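# Prediction below, plus the sequence it came from.
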Amino acid sequence: MSLATRVLVALLAGLAIGVGVSLAESAALDRAVQWGEPVGALWVNAIRMTVVPLVVSLLVTGVASGSPTMAGRVGGTALVWFIALVAGASLLTAVAAPPLLGFVEFDAGAFASLREAAAPAEVELPPFRDWVVGLIPSNPVQAAADGAMLPLIVFSGVLALAITKLDAQYRDVLVGFFDAVSRAMLVIVEWILLVAPVGVFFLVLPLAANTGIDLVRAMGWFLVVACGLIVVALVPLYPITATFGGVSVRAFARACAPAQAVAFSTRSSLASLPAMLEAADRDLKLPSTISGITLPLAVALLKFSSPIARGTGTFFIARLYGVDLGVVEIATITGAIAALSFYSPGIPSGGLFILTPIYIALGLPVEGVGLLIALDLIPDMFISTANVTADMSVAVILGKRERGRGRGREGLLDQ
(Lines give C-alpha, C1' and ligand atoms only; values in the text may rest on other atoms or scores of the structure.)
Protein backbone atom coordinates (compact mmCIF):
# COMPACT_ATOMS: atom_id res chain seq x y z
CA MET A 1 0.00 0.00 0.00
CA SER A 2 1.45 3.36 -1.02
CA LEU A 3 2.09 6.15 1.45
CA ALA A 4 -0.65 8.28 -0.10
CA THR A 5 -3.14 5.44 0.29
CA ARG A 6 -2.11 4.84 3.90
CA VAL A 7 -2.50 8.55 4.71
CA LEU A 8 -5.94 8.56 3.09
CA VAL A 9 -6.96 5.47 5.05
CA ALA A 10 -5.71 7.10 8.27
CA LEU A 11 -7.67 10.26 7.46
CA LEU A 12 -10.88 8.32 6.82
CA ALA A 13 -10.35 6.21 9.95
CA GLY A 14 -9.76 9.29 12.07
CA LEU A 15 -12.86 10.96 10.66
CA ALA A 16 -15.04 7.86 11.09
CA ILE A 17 -13.90 7.13 14.65
CA GLY A 18 -14.05 10.80 15.60
CA VAL A 19 -17.59 11.18 14.29
CA GLY A 20 -18.51 8.00 16.18
CA VAL A 21 -17.08 9.43 19.40
CA SER A 22 -18.99 12.66 18.77
CA LEU A 23 -22.28 10.79 18.33
CA ALA A 24 -21.65 8.47 21.31
CA GLU A 25 -21.31 11.36 23.78
CA SER A 26 -19.21 9.18 26.10
CA ALA A 27 -16.94 10.80 28.69
CA ALA A 28 -14.61 7.78 28.63
CA LEU A 29 -14.18 7.97 24.86
CA ASP A 30 -13.62 11.72 25.05
CA ARG A 31 -10.80 11.16 27.56
CA ALA A 32 -9.24 8.50 25.30
CA VAL A 33 -9.24 10.95 22.42
CA GLN A 34 -7.56 13.57 24.61
CA TRP A 35 -4.79 11.10 25.53
CA GLY A 36 -3.97 10.60 21.85
CA GLU A 37 -4.08 14.28 20.93
CA PRO A 38 -0.38 15.00 21.78
CA VAL A 39 0.72 12.54 19.07
CA GLY A 40 -0.76 14.79 16.41
CA ALA A 41 0.86 17.82 18.03
CA LEU A 42 4.27 16.09 17.99
CA TRP A 43 3.91 15.39 14.28
CA VAL A 44 3.07 19.04 13.58
CA ASN A 45 6.12 20.14 15.60
CA ALA A 46 8.26 17.82 13.49
CA ILE A 47 7.00 19.61 10.39
CA ARG A 48 7.76 23.02 11.90
CA MET A 49 11.35 22.16 12.85
CA THR A 50 12.33 21.65 9.20
CA VAL A 51 10.98 24.97 7.96
CA VAL A 52 13.84 27.42 8.62
CA PRO A 53 16.77 25.27 7.39
CA LEU A 54 14.75 24.01 4.41
CA VAL A 55 13.63 27.43 3.18
CA VAL A 56 17.05 29.04 3.69
CA SER A 57 19.01 26.24 2.03
CA LEU A 58 16.64 26.00 -0.94
CA LEU A 59 16.76 29.76 -1.50
CA VAL A 60 20.55 30.04 -1.23
CA THR A 61 21.15 27.02 -3.45
CA GLY A 62 18.63 28.15 -6.06
CA VAL A 63 20.10 31.65 -6.39
CA ALA A 64 23.79 30.87 -5.98
CA SER A 65 23.93 27.89 -8.33
CA GLY A 66 21.98 29.37 -11.24
CA SER A 67 23.33 28.30 -14.63
CA PRO A 68 24.17 30.76 -17.45
CA THR A 69 21.26 29.31 -19.42
CA MET A 70 18.87 30.87 -16.90
CA ALA A 71 20.06 34.32 -17.96
CA GLY A 72 20.01 33.48 -21.66
CA ARG A 73 17.34 34.32 -24.18
CA VAL A 74 15.34 31.10 -23.86
CA GLY A 75 15.64 30.89 -20.10
CA GLY A 76 14.70 34.54 -19.62
CA THR A 77 11.64 34.31 -21.87
CA ALA A 78 10.59 31.09 -20.18
CA LEU A 79 10.78 32.76 -16.77
CA VAL A 80 8.53 35.57 -18.01
CA TRP A 81 5.92 33.01 -19.06
CA PHE A 82 6.31 31.12 -15.78
CA ILE A 83 5.63 34.26 -13.77
CA ALA A 84 2.69 35.26 -15.99
CA LEU A 85 1.02 31.84 -15.71
CA VAL A 86 1.50 31.63 -11.94
CA ALA A 87 0.21 35.20 -11.54
CA GLY A 88 -2.92 34.34 -13.53
CA ALA A 89 -3.57 31.19 -11.50
CA SER A 90 -3.03 33.11 -8.25
CA LEU A 91 -5.43 35.87 -9.31
CA LEU A 92 -8.09 33.28 -10.09
CA THR A 93 -7.61 31.77 -6.63
CA ALA A 94 -7.81 35.10 -4.79
CA VAL A 95 -11.00 36.10 -6.61
CA ALA A 96 -12.87 32.79 -6.77
CA ALA A 97 -11.79 30.58 -3.86
CA PRO A 98 -13.03 32.60 -0.82
CA PRO A 99 -16.60 33.10 -2.11
CA LEU A 100 -16.85 29.51 -3.35
CA LEU A 101 -15.72 28.14 0.01
CA GLY A 102 -18.40 30.31 1.58
CA PHE A 103 -21.18 28.32 -0.09
CA VAL A 104 -20.98 25.66 2.62
CA GLU A 105 -22.15 27.04 5.95
CA PHE A 106 -20.49 25.72 9.10
CA ASP A 107 -22.36 25.27 12.36
CA ALA A 108 -20.96 28.08 14.52
CA GLY A 109 -20.95 25.90 17.62
CA ALA A 110 -19.38 22.89 15.91
CA PHE A 111 -16.00 24.56 15.43
CA ALA A 112 -15.99 26.67 18.58
CA SER A 113 -13.26 24.60 20.22
CA LEU A 114 -11.04 24.95 17.13
CA ARG A 115 -11.48 28.69 17.13
CA GLU A 116 -10.70 29.01 20.82
CA ALA A 117 -7.60 26.82 20.53
CA ALA A 118 -6.25 28.58 17.46
CA ALA A 119 -7.34 32.15 18.09
CA PRO A 120 -4.22 34.29 17.68
CA ALA A 121 -3.43 36.82 20.34
CA GLU A 122 -4.15 40.41 19.38
CA VAL A 123 -1.00 42.01 18.13
CA GLU A 124 -0.52 45.69 17.44
CA LEU A 125 1.08 46.08 14.04
CA PRO A 126 4.31 48.10 14.03
CA PRO A 127 4.47 51.38 12.09
CA PHE A 128 5.34 50.97 8.42
CA ARG A 129 8.75 52.57 9.01
CA ASP A 130 9.61 49.99 11.66
CA TRP A 131 8.38 47.19 9.40
CA VAL A 132 10.68 48.34 6.59
CA VAL A 133 13.65 48.65 8.96
CA GLY A 134 12.92 45.15 10.27
CA LEU A 135 13.30 43.64 6.80
CA ILE A 136 17.07 43.74 7.33
CA PRO A 137 17.66 41.55 10.38
CA SER A 138 20.31 42.79 12.81
CA ASN A 139 20.70 39.18 13.94
CA PRO A 140 19.76 36.52 11.34
CA VAL A 141 20.06 33.76 13.94
CA GLN A 142 17.56 35.55 16.18
CA ALA A 143 15.25 36.04 13.19
CA ALA A 144 15.38 32.29 12.56
CA ALA A 145 14.68 31.54 16.22
CA ASP A 146 11.73 33.95 16.25
CA GLY A 147 10.31 32.55 13.02
CA ALA A 148 10.64 35.94 11.28
CA MET A 149 10.70 34.45 7.81
CA LEU A 150 10.64 37.59 5.66
CA PRO A 151 13.82 39.12 7.19
CA LEU A 152 15.41 35.68 7.07
CA ILE A 153 14.54 35.32 3.38
CA VAL A 154 16.03 38.77 2.70
CA PHE A 155 19.25 37.75 4.45
CA SER A 156 19.33 34.44 2.56
CA GLY A 157 18.90 36.21 -0.77
CA VAL A 158 21.69 38.68 -0.02
CA LEU A 159 23.95 35.84 1.12
CA ALA A 160 23.23 33.91 -2.06
CA LEU A 161 24.06 36.91 -4.24
CA ALA A 162 27.31 37.39 -2.33
CA ILE A 163 28.21 33.73 -2.88
CA THR A 164 27.90 34.20 -6.66
CA LYS A 165 30.70 36.81 -6.47
CA LEU A 166 33.21 34.49 -4.80
CA ASP A 167 35.97 32.57 -6.52
CA ALA A 168 34.87 29.18 -7.79
CA GLN A 169 36.68 27.24 -5.04
CA TYR A 170 34.81 29.08 -2.28
CA ARG A 171 31.51 29.33 -4.15
CA ASP A 172 31.42 25.58 -4.77
CA VAL A 173 32.07 24.85 -1.10
CA LEU A 174 29.22 27.05 0.12
CA VAL A 175 26.76 25.96 -2.55
CA GLY A 176 27.65 22.35 -1.78
CA PHE A 177 27.09 22.96 1.93
CA PHE A 178 23.62 24.47 1.49
CA ASP A 179 22.72 21.84 -1.08
CA ALA A 180 23.70 19.17 1.45
CA VAL A 181 21.59 20.90 4.13
CA SER A 182 18.55 21.01 1.84
CA ARG A 183 19.01 17.35 0.95
CA ALA A 184 19.31 16.41 4.63
CA MET A 185 16.15 18.37 5.42
CA LEU A 186 14.32 16.58 2.62
CA VAL A 187 15.40 13.26 4.14
CA ILE A 188 13.88 14.39 7.45
CA VAL A 189 10.74 15.44 5.58
CA GLU A 190 10.58 11.95 4.07
CA TRP A 191 10.80 10.49 7.58
CA ILE A 192 8.01 12.80 8.72
CA LEU A 193 5.89 11.68 5.79
CA LEU A 194 6.55 8.03 6.61
CA VAL A 195 4.77 8.46 9.95
CA ALA A 196 2.18 10.76 8.39
CA PRO A 197 -0.63 8.16 8.71
CA VAL A 198 -0.13 8.10 12.50
CA GLY A 199 0.15 11.87 12.75
CA VAL A 200 -2.85 12.48 10.52
CA PHE A 201 -4.98 9.98 12.41
CA PHE A 202 -4.34 11.60 15.78
CA LEU A 203 -4.65 15.07 14.27
CA VAL A 204 -8.04 14.41 12.67
CA LEU A 205 -9.48 12.25 15.46
CA PRO A 206 -9.97 15.02 18.07
CA LEU A 207 -11.17 17.45 15.39
CA ALA A 208 -13.84 15.03 14.20
CA ALA A 209 -14.74 14.14 17.79
CA ASN A 210 -15.34 17.82 18.56
CA THR A 211 -17.04 18.82 15.31
CA GLY A 212 -18.83 15.68 14.10
CA ILE A 213 -20.15 15.36 10.56
CA ASP A 214 -19.63 19.06 9.76
CA LEU A 215 -15.88 18.49 9.33
CA VAL A 216 -16.44 15.75 6.75
CA ARG A 217 -18.81 17.96 4.77
CA ALA A 218 -16.38 20.90 4.90
CA MET A 219 -13.46 18.79 3.66
CA GLY A 220 -15.49 17.38 0.78
CA TRP A 221 -16.45 20.86 -0.41
CA PHE A 222 -12.84 22.01 -0.18
CA LEU A 223 -11.78 19.19 -2.51
CA VAL A 224 -14.51 20.10 -4.99
CA VAL A 225 -13.51 23.79 -5.00
CA ALA A 226 -9.74 23.16 -5.21
CA CYS A 227 -9.91 20.57 -8.01
CA GLY A 228 -12.59 22.53 -9.85
CA LEU A 229 -10.49 25.71 -9.90
CA ILE A 230 -7.47 23.76 -11.18
CA VAL A 231 -9.58 22.48 -14.08
CA VAL A 232 -10.85 26.02 -14.76
CA ALA A 233 -7.23 27.24 -14.94
CA LEU A 234 -6.11 24.27 -17.04
CA VAL A 235 -8.64 24.63 -19.87
CA PRO A 236 -7.42 28.07 -21.15
CA LEU A 237 -3.91 26.67 -21.64
CA TYR A 238 -5.10 24.94 -24.81
CA PRO A 239 -6.31 28.07 -26.69
CA ILE A 240 -3.36 30.06 -25.30
CA THR A 241 -0.97 27.49 -26.76
CA ALA A 242 -2.84 27.48 -30.06
CA THR A 243 -2.75 31.28 -30.27
CA PHE A 244 0.87 31.89 -29.27
CA GLY A 245 2.39 28.53 -30.21
CA GLY A 246 0.88 27.90 -33.64
CA VAL A 247 -0.27 24.37 -32.74
CA SER A 248 -3.90 23.31 -32.96
CA VAL A 249 -5.77 22.55 -29.77
CA ARG A 250 -6.29 18.96 -30.91
CA ALA A 251 -2.61 18.39 -31.73
CA PHE A 252 -1.51 19.89 -28.42
CA ALA A 253 -4.02 17.81 -26.46
CA ARG A 254 -2.90 14.62 -28.21
CA ALA A 255 0.78 15.38 -27.54
CA CYS A 256 0.16 16.16 -23.86
CA ALA A 257 -2.01 13.12 -23.11
CA PRO A 258 0.77 10.57 -22.32
CA ALA A 259 2.63 12.96 -20.00
CA GLN A 260 -0.65 13.95 -18.32
CA ALA A 261 -1.44 10.28 -17.67
CA VAL A 262 1.96 9.77 -16.03
CA ALA A 263 1.54 12.95 -13.98
CA PHE A 264 -1.95 12.03 -12.78
CA SER A 265 -0.94 8.52 -11.73
CA THR A 266 2.45 9.36 -10.16
CA ARG A 267 1.61 12.87 -8.83
CA SER A 268 5.03 13.93 -10.12
CA SER A 269 5.99 16.36 -12.88
CA LEU A 270 9.56 15.04 -12.74
CA ALA A 271 8.40 11.50 -13.49
CA SER A 272 6.57 12.90 -16.53
CA LEU A 273 9.65 14.61 -17.99
CA PRO A 274 10.70 11.70 -20.28
CA ALA A 275 7.17 11.55 -21.73
CA MET A 276 7.18 15.34 -22.25
CA LEU A 277 10.57 15.27 -24.02
CA GLU A 278 9.42 12.44 -26.28
CA ALA A 279 6.19 14.28 -27.19
CA ALA A 280 8.12 17.50 -27.84
CA ASP A 281 10.43 15.72 -30.28
CA ARG A 282 8.08 13.22 -31.93
CA ASP A 283 4.68 14.93 -31.96
CA LEU A 284 5.37 18.66 -31.68
CA LYS A 285 8.69 18.74 -33.59
CA LEU A 286 10.17 21.32 -31.22
CA PRO A 287 13.84 22.34 -31.61
CA SER A 288 16.03 20.39 -29.21
CA THR A 289 17.45 23.68 -27.91
CA ILE A 290 13.93 24.55 -26.75
CA SER A 291 12.72 21.25 -25.31
CA GLY A 292 16.10 20.45 -23.74
CA ILE A 293 16.19 23.77 -21.87
CA THR A 294 12.58 24.77 -21.30
CA LEU A 295 11.08 21.49 -20.10
CA PRO A 296 13.67 20.69 -17.38
CA LEU A 297 13.55 24.34 -16.30
CA ALA A 298 9.76 24.26 -16.19
CA VAL A 299 9.69 21.03 -14.17
CA ALA A 300 12.04 22.61 -11.63
CA LEU A 301 10.40 26.04 -11.36
CA LEU A 302 6.90 26.21 -12.86
CA LYS A 303 4.30 25.06 -10.32
CA PHE A 304 1.42 26.52 -12.32
CA SER A 305 -1.50 25.13 -10.36
CA SER A 306 0.14 24.81 -6.95
CA PRO A 307 -0.95 28.33 -5.87
CA ILE A 308 -4.55 27.36 -6.65
CA ALA A 309 -4.62 24.29 -4.43
CA ARG A 310 -2.42 25.79 -1.69
CA GLY A 311 -4.24 29.11 -1.69
CA THR A 312 -7.65 27.44 -1.60
CA GLY A 313 -6.40 25.17 1.18
CA THR A 314 -5.17 28.12 3.22
CA PHE A 315 -8.49 29.96 2.83
CA PHE A 316 -10.26 26.74 3.84
CA ILE A 317 -8.14 26.34 6.97
CA ALA A 318 -8.69 30.00 7.89
CA ARG A 319 -12.44 29.57 7.61
CA LEU A 320 -12.41 26.25 9.45
CA TYR A 321 -10.54 27.75 12.39
CA GLY A 322 -12.52 30.99 12.36
CA VAL A 323 -9.70 33.29 11.25
CA ASP A 324 -11.19 36.25 9.37
CA LEU A 325 -9.25 37.28 6.27
CA GLY A 326 -9.68 40.69 4.69
CA VAL A 327 -8.67 41.83 1.21
CA VAL A 328 -5.13 42.64 2.37
CA GLU A 329 -4.67 39.25 4.04
CA ILE A 330 -6.03 37.41 0.97
CA ALA A 331 -3.69 39.36 -1.32
CA THR A 332 -0.74 38.70 1.02
CA ILE A 333 -1.44 34.97 1.20
CA THR A 334 -1.90 34.72 -2.57
CA GLY A 335 1.29 36.63 -3.35
CA ALA A 336 3.37 34.73 -0.81
CA ILE A 337 2.19 31.33 -2.02
CA ALA A 338 2.81 32.34 -5.65
CA ALA A 339 6.36 33.45 -4.84
CA LEU A 340 7.18 30.40 -2.69
CA SER A 341 5.82 28.03 -5.33
CA PHE A 342 9.06 28.54 -7.28
CA TYR A 343 11.01 27.09 -4.33
CA SER A 344 8.80 24.10 -3.55
CA PRO A 345 10.73 20.86 -2.91
CA GLY A 346 10.19 18.20 -5.56
CA ILE A 347 8.46 15.68 -3.31
CA PRO A 348 4.79 14.74 -2.90
CA SER A 349 3.05 17.43 -0.82
CA GLY A 350 6.39 19.26 -0.61
CA GLY A 351 4.72 22.59 -1.37
CA LEU A 352 2.65 22.23 1.78
CA PHE A 353 5.76 22.29 3.98
CA ILE A 354 6.69 25.64 2.46
CA LEU A 355 3.32 27.04 3.60
CA THR A 356 4.29 26.86 7.27
CA PRO A 357 6.05 30.28 7.40
CA ILE A 358 2.94 31.92 5.93
CA TYR A 359 0.74 30.31 8.55
CA ILE A 360 3.06 31.40 11.35
CA ALA A 361 3.29 34.96 10.04
CA LEU A 362 -0.48 35.40 9.68
CA GLY A 363 -1.52 33.63 12.87
CA LEU A 364 -3.06 30.63 11.10
CA PRO A 365 -2.86 27.27 12.91
CA VAL A 366 0.04 25.16 11.63
CA GLU A 367 -2.11 22.11 12.41
CA GLY A 368 -3.97 23.06 9.25
CA VAL A 369 -0.92 22.03 7.19
CA GLY A 370 -1.32 18.52 8.56
CA LEU A 371 -4.96 18.43 7.48
CA LEU A 372 -4.04 19.61 3.99
CA ILE A 373 -1.33 16.94 3.72
CA ALA A 374 -3.95 14.33 4.62
CA LEU A 375 -6.29 15.66 1.94
CA ASP A 376 -3.58 16.21 -0.68
CA LEU A 377 -3.84 12.92 -2.60
CA ILE A 378 -6.68 14.01 -4.89
CA PRO A 379 -5.65 17.67 -5.41
CA ASP A 380 -2.04 16.62 -6.07
CA MET A 381 -3.17 14.48 -9.01
CA PHE A 382 -4.85 17.52 -10.56
CA ILE A 383 -1.89 19.76 -9.66
CA SER A 384 0.64 17.52 -11.41
CA THR A 385 -1.54 17.16 -14.50
CA ALA A 386 -2.04 20.92 -14.83
CA ASN A 387 1.65 21.63 -14.17
CA VAL A 388 2.74 19.24 -16.93
CA THR A 389 0.28 20.87 -19.35
CA ALA A 390 1.67 24.32 -18.51
CA ASP A 391 5.23 23.04 -19.00
CA MET A 392 4.36 21.77 -22.48
CA SER A 393 2.49 24.97 -23.30
CA VAL A 394 5.51 27.19 -22.57
CA ALA A 395 7.79 24.89 -24.58
CA VAL A 396 5.48 25.07 -27.61
CA ILE A 397 5.21 28.87 -27.38
CA LEU A 398 8.98 29.30 -27.16
CA GLY A 399 9.45 26.78 -29.96
CA LYS A 400 7.41 28.92 -32.33
CA ARG A 401 9.33 32.03 -31.25
CA GLU A 402 12.68 30.34 -31.87
CA ARG A 403 11.63 29.04 -35.28
CA GLY A 404 10.52 32.57 -36.17
CA ARG A 405 13.94 33.93 -35.20
CA GLY A 406 15.58 31.25 -37.34
CA ARG A 407 13.50 32.19 -40.38
CA GLY A 408 14.36 35.84 -39.80
CA ARG A 409 18.07 35.09 -39.82
CA GLU A 410 17.72 33.01 -42.98
CA GLY A 411 15.94 35.91 -44.69
CA LEU A 412 18.74 38.29 -43.83
CA LEU A 413 21.32 35.85 -45.18
CA ASP A 414 19.38 35.47 -48.43
CA GLN A 415 19.48 39.23 -48.89
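Sure thing, it's come through.
# Just the mean pLDDT for stretch 223-243, thanks.
Mean pLDDT, stretch 223-243: 93.
# tell me which residues of that stretch are tucked away?
With burial defined by 16 or more other Cβ atoms under 10 Å, the residues of stretch 223-243 counted as buried are 223, 225-227, 229-230, 233-234, 237-238, 240-242. (C-beta placed from N, C-alpha, C; glycine too.)
# Any chance you could list what contacts that stretch?
Stretch 223-243 is contacted from outside by 88-89, 92-93, 96-97, 100-101, 247-249, 252-253, 304-305, 308-309, 312-313, 316, 375, 378-379, 382-383, 385-386, 389-390, 392-393, 396-397, using Cβ atoms under 8 Å, 6 or more residues apart in numbering.
# which residues are in contact with the strand or helix carrying residue 279?
Assignment of secondary structure by DSSP states H and E places residue 279 within helix 273-282. The list of residues contacting helix 273-282 from outside it, by Cβ under 8 Å, 6+ apart, reads 255-256, 258-259, 262, 286, 288, 290-292, 295-296, 299, 388, 391-392, 395, 399.
# Write the PyMOL selection for whichever of those are buried.
For anyone working in PyMOL, the buried entries among the contacts of helix 273-282, judged by 16+ other Cβ under 10 Å, can be selected with:
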select buried, resi 255+256+258+259+262+286+290+291+292+295+296+299+388+391+392+395+399
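# Please narrow the contacts of helix 273-282 to those residing in strands.
The subset of the contacts of helix 273-282 located in strands under the criterion DSSP state E is empty.
# Show only the entries of the contacts of helix 273-282 found in helices.
Filtering the contacts of helix 273-282 for membership in helices, criterion DSSP state H, returns 255-256, 258-259, 262, 288, 290-292, 295-296, 299, 388, 391-392, 395, 399.
# Quick one: name whatever helix or strand follows the helix or strand hosting residue 160.
Under the criterion DSSP H and E, the helix or strand holding residue 160 is helix 149-164. Tracing the chain past helix 149-164, the next element assigned as helix or strand by DSSP H and E is helix 168-194.
# Okay, angle between that following helix and helix 149-164 too, please.
Calculated by axes from the mean of the first three to the mean of the last three Cα atoms, to 10 degrees, helix 168-194 forms an angle of 140 degrees with helix 149-164.
# Check which residues of helix 168-194 are buried.
By neighbour count, and taking 16+ other Cβ under 10 Å as the criterion, the buried residues in helix 168-194 are 171, 174-175, 178-179, 181-182, 185-186, 189, 192-193.
# ok so, going back, what mean pLDDT does the helix holding residue 279 get?
Model confidence over helix 273-282, given as mean pLDDT, is 76.
# again with stretch 298-317
Here the mean pLDDT over stretch 298-317 is 86, rounded to a whole number.
# for stretch 80-98, same thing?
Mean pLDDT, taken over the full extent of stretch 80-98, equals 90.
# how distant is the helix holding residue 160 from the center of its chain?
Using Cα atoms, centre = their mean, to the nearest Å, the distance from the centre of helix 149-164 to the centre of the chain it belongs to is 21 Å.
# all helices for the stretch 201-350 of the chain, in order.
Using DSSP state H, counting those that start in this stretch, the helices of the stretch 201-350 of the chain run over residues 213-234, 237-245, 249-266, 273-282, 288-301, 306-320, 327-340, 350-354.
# now the longest one and helix 249-266, what's the angle there?
Right, the one you point to is helix 213-234. Between the axes of helix 213-234 and helix 249-266, defined by the same axes, to 10 degrees, the angle is 140 degrees.
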